[in-house]
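*Asks:* got a predicted model here, sequence first, then my questions.
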Amino acid sequence: MVNVSAIILAAGLGTRMKSKKPKILHQVAGKPMINCIIDQLKKFKLDKIALVVGTKEAMHNHDDSRIKFVLQKEKSGTAHAVLQAEKEFNGYKGDILILNGDVPLITYETLNNLLKEHRSTFAVLSLLTAKVPGPTGYGRIIRRQGEIFKIVEELDADDYIKKIKEINAGTYCCKGDYLFPTLKKIKKNPLKKEYYITDAIEILNKQGAKDRTYTVKDNNEILGVNRRHELARANMIMQKRIHRKLMDSGVTILDIDSTYIEYDVKIGQDTIIYPFTFLYGKVKLGENCVVGPFVQITESQIGNNVRIFQSTVTGSRIKDDVHVGPYAHIRDNTILEKGSGVGNFMEIARSTLGKKSRAFHLSYIGDTKVGQDVNFGAGVVTANFDGKKKNKTTVGDGSYIGSSTTIIAPATIPKKKKIPAGTIVKKK
Ligand code: UD1
Ligand code: CA
């Protein structure tokens, strides 16, 4: 969309999180809260995103040059925070969305509805409101003849105002050329000694400029994370959304309550997820896979028709038609080529298992390149570590490694070699 930018307010101290790290970096479904918001904003094709932060630490790397970090040194309130971003918007005449950095569940659809309402009514400032049963802590919406007149914060509210259930969600849309001049007119709140962005409403109203509201349809979207129990709730709601999206796209999840799937996981059609499956980080699962029960996969790519059960896979690639488990640990850049199989108390690290190679029983394969159609017996160990460094092993195509063989690396086993059970392979 043209002529839209955003300012995200995230300089608050987040004291209630009782954490050493900035609040916006706490994760929801494996993604920092702030990135959840930025992901939604990016759907607008924004001109610019200004992120107002309170510490340099919160300015973590972002690959997008449209994101400008702005440091707010003193926490003098939400209006003051927005004003810090003024230099990024010199002469900008588009619409500026302003969001709190601690509302990770907000969606593009809602922000877009707010923007549409704002534009179609020619409003100067529009904001998102919600009707909630427990409005305590939020700014209350005061209306006159149906139109929003002002916002009163909890601290300044009398008993009558405290009963109002329509609240300010903390998401605004303002015409760029009005925003900063209006904020400069705001006076310090005498009780909290802060400049409130919410005071902009009354100022604009008195000038005869138009304010509008858009009521959010799903109150979950405006959940503000101030404490860890709210973070847990945000995670739970995000899980429901992720599950729903996957199921709608043709994935079967047998038990949603015991299945944890992070934000960046992609799963192909007709894959079935059994209970107690945990998928962390960037995981790609192909079509027609059967995964679980009791599987943990982190940062890995899995092909089609793969079966994984009771196993852990980390930072690895598993190609089509592979069988993993039970009780296998596949880790650190391991590649299992098409049609290979691993199971029953196996550990494979930094290794490649060639097409149709099999290692099914109680073995350790580390720093090893295994060719095609190799068979490992039970209890094969590559002794890859000499106390100082890891050494490599190569196993040629079609070899057969007998049970209880120890291969002392560095070692090379030629093609079609048959190694009897109990051998110690050692370079002479
Ligand atoms: C604010 C609104 C309130 C609304 C609520 C919705 C004001 C005065 N009140 O209250 O009407 O119902 O959000 O959640 O705006 N921040 C800064 N710098 C500051 C102060 C705050 O960057 O100096 C950031 C915070 O990190 C946070 C956001 O602004 O992301 C909102 O601040 P917070 O103190 O949480 O405001 P609320 O009391 O929740
Ligand atoms: Ca808040």
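*Replies:* Received, thanks. Ligands and ions are numbered 1, 2, ... in the order given.

*Asks:* counting neighbours, what do you get for Met247?
*Replies:* Using other Cβ atoms under 10 Å, Met247 has 14 other residues around it. Using the backbone N, CA and C atoms, a C-beta is placed for each residue, glycine as well.

*Asks:* cool, Lys75 as well?
*Replies:* Number of residues near Lys75 (other Cβ under 10 Å) recorded here: 13.

*Asks:* pretty sure it contacts Ala11?
*Replies:* Yes: contact criterion Cβ atoms under 8 Å: Lys75 and Ala11 qualify, at 6.2 Å.

*Asks:* overlap in contacts, these two.
*Replies:* Counting by Cβ atoms under 8 Å, 6 or more residues apart in numbering, the shared contacts of Lys75 and Ala11 are 54, 81.

*Asks:* pick out the residue of the stretch 101-250 of the chain closest to ligand 1.
*Replies:* Gly139 (2.3 Å; Cβ to the nearest ligand atom).

*Asks:* what sits against that residue?
*Replies:* Gly139 makes contacts with 151-154, 167-168, 170, 198, as judged by Cβ under 8 Å, 6+ apart.

*Asks:* buried only: go through these for me.
*Replies:* 151-153, 167-168, 170, 198 (16 or more other Cβ atoms under 10 Å).

*Asks:* stretch 393-408: end-to-end distance?
*Replies:* 8 Å (Cα to Cα, to the nearest Å).

*Asks:* pLDDT weak spots in this structure?
*Replies:* 1, 58-63, 428 (pLDDT under 70).

*Asks:* show me where it has helices.
*Replies:* With DSSP state H, the ranges of helices along the chain come out as 33-42, 78-83, 108-120, 159-162, 176-184, 199-206, 228-248.

*Asks:* what's the shortest one in contact with?
*Replies:* Applying Cβ under 8 Å, 6+ apart, the set of residues contacting helix 159-162 from outside is 135-136, 140, 142, 152, 154.

*Asks:* and for the first one?
*Replies:* Residues from elsewhere that reach helix 33-42, judged by Cβ under 8 Å, 6+ apart: 6, 8, 10, 23-29, 31, 49, 51, 62, 64, 67, 97, 99, 101-108, 111, 225, 234, 238, 263.

*Asks:* got it, and the fifth one?
*Replies:* Contact partners of helix 176-184, identified using Cβ under 8 Å, 6+ apart, comprise 5, 79, 82-83, 86, 89, 92-96, 124-125, 174, 195, 197, 200, 203-204, 209.

*Asks:* ok, now with 7 Å
*Replies:* 79, 82-83, 86, 89, 92-96, 124, 200, 203-204, 209 (Cβ atoms under 7 Å, 6 or more residues apart in numbering).

*Asks:* likewise for the second one?
*Replies:* When contacts are taken as Cβ under 7 Å, 6+ apart, the neighbours of helix 78-83 outside the stretch itself are 7, 9, 11, 52, 72, 98, 180, 183, 186, 195-197, 199-200.

*Asks:* restrict the contacts of Gly139 to those near ligand 1?
*Replies:* Filtering these for proximity to ligand 1 (criterion: Cβ under 6 Å from any ligand atom) leaves 151, 153, 167-168, 170, 198.

*Asks:* residues of the stretch 201-350 of the chain that sit close to ligand 1?
*Replies:* So the stretch 201-350 of the chain meets ligand 1 at Gly224 (Cβ under 6 Å from any ligand atom).
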